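Engineer: Generate a structure from the sequence data that follows.
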Amino acid sequence: MSITQEYFCGLPIHEQLQVVLTQGTFRATRYEDTYAITQYQVSEFSADLYYSSASTMPEQIQVQKAWIPPAK
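Structural biologist: Numbers count the residues shown, from 1 in each chain. The predicted model follows:
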C-alpha cells in the first residue's frame, strides 16, 4: 500500500524521514545557500530533505506533488 501525501505530511519529522529512506527513491542532490538538499520520490510525491552543514539529520522536509508528464 502506498502512502498518500496528506498522510505523510501529518507524520512527525522522524517518521517522515523513516518513510523517505525506506520507501523513497533517491533522485538528486542540490545545494542552496547553506543547505544540501536531497530529493526522493515517494509514491506520488517528492520529498526534499534539507541538511545544514552542521547536522547529519535533516532540519526540514518539504513535500510537493510529483509532476507526471501527459500521455502522448
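
Engineer: For the rest of this, base every contact and every neighbour count on C-alpha atoms.
Structural biologist: OK.

Engineer: Where does pLDDT dip in the protein?
Structural biologist: Applying pLDDT under 70 to the chain flags residues 1, 66-72.

Engineer: Tell me where the longest helix sits in it.
Structural biologist: Longest helix of the chain, by residue count under DSSP state H: helix 13-23.

Engineer: Tell me the buried residues in whatever helix or strand comes next after it?
Structural biologist: Going down the chain from helix 13-23, the next helix or strand is strand 25-32, by DSSP states H and E. For strand 25-32, a neighbour-count test (16 or more other CA atoms under 10 Å) marks nothing as buried.

Engineer: ok, back up a step: which residues are contacting the longest helix of the chain?
Structural biologist: Helix 13-23 is contacted by residues Phe8, Cys9, Tyr40, Val42, Ser43, Ala47, Gln60, Ile61 when judged by CA atoms under 8 Å, 6 or more residues apart in numbering.
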